[in-house]
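Trainee: pasted the sequence and its predicted model underneath.
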Amino acid sequence: QVQLVESGGGLVGAGGSLRLSCAASGRTFAPYTMGWFRQAPGKERAFVAGIAQNGASIYYADSVKGRFTISRDDADKLVYLQMNNLKPEDTAVYYCAATIRPGATSGQMYEYWGQGTQVTVSS
């Protein structure tokens, strides 16, 4: 089992920045691919970014490329999502997730989920 807890959400104006953190506990963290997803009101959950074991590969949704950066610290079992130049359409609950499947972008392929953290971007 892997337990995930997100933090760092909040309210920010358009063009601002936030950094989300995800703290993992439980089983060994390093082998897992870690992902960030988001779900806006009335919309389906959507993939945002993923980072494989040891950071071997990193991938983003087109909507956040060039603005968001995912990173991980395996020693401290942390995953980060640095979000810059935020837009109102980035408003959503952001979830951290873990999977043993490298390169996964579908939420159905992720086994473990955090409780989510709210990000609200005002115009």
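Mentor: Structure received.
Trainee: could you give the bridge partners of residue 72?
Mentor: residue 79 (DSSP bridges).
Trainee: okay but it is in contact with residue 50, surely?
Mentor: No. Between residue 72 and residue 50 there is no contact, the gap being 10.4 Å when judged by Cβ atoms under 8 Å. (C-beta placed from N, C-alpha, C; glycine too.)
Trainee: spit out the residues that contact those two alike.
Mentor: Residues within reach of residue 72 and of residue 50 at once, by Cβ atoms under 8 Å, 6 or more residues apart in numbering, are residue 34.
Trainee: distance of residue 3 relative to residue 25?
Mentor: When distance is defined by Cβ to Cβ, to the nearest Å, residue 3 is 5 Å away from residue 25.
Trainee: quick one: which of those two has more around it?
Mentor: For residue 3 versus residue 25, neighbours defined as other Cβ atoms under 10 Å are more numerous around residue 3 (14 against 11).
Trainee: wait, a helix at the more buried one?
Mentor: No. Using DSSP: H, G, I helix; E, B strand; the rest coil, the secondary structure at residue 3 is strand, not a helix.
Trainee: touching, it and residue 22? I think so.
Mentor: No. Distance between residue 3 and residue 22: 10.5 Å, which falls outside the contact criterion (Cβ under 8 Å).
Trainee: next, name the residue at the spatial heart of the chain.
Mentor: residue 36 (2.2 Å; Cα atoms, centre = their mean).
Trainee: name the element that one belongs to?
Mentor: Here residue 36 is covered by strand 33-39, with elements defined by DSSP states H and E.
Trainee: in that strand, what counts as buried?
Mentor: 33-38 (16 or more other Cβ atoms under 10 Å).
Trainee: now that strand: mean pLDDT?
Mentor: For strand 33-39, the mean pLDDT works out to 97.
Trainee: neighbouring strands - and their directions - for it?
Mentor: Taking DSSP bridges as the criterion, strand 33-39 forms sheet pairs with strand 46-51 (antiparallel), strand 92-99 (antiparallel).
Trainee: next, format these as a markdown table and append mean neighbour count, distance to residue 64 and mean pLDDT.
Mentor: Converted to a markdown table, the strands paired with strand 33-39 look like this (neighbours: other Cβ atoms under 10 Å; distance: least, Cβ to Cβ, whole Å; pLDDT from 0 to 100):
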| stretch | mean neighbour count | distance to residue 64 | mean pLDDT |
| --- | --- | --- | --- |
| strand 46-51 | 22 | 6 | 98 |
| strand 92-99 | 23 | 11 | 97 |
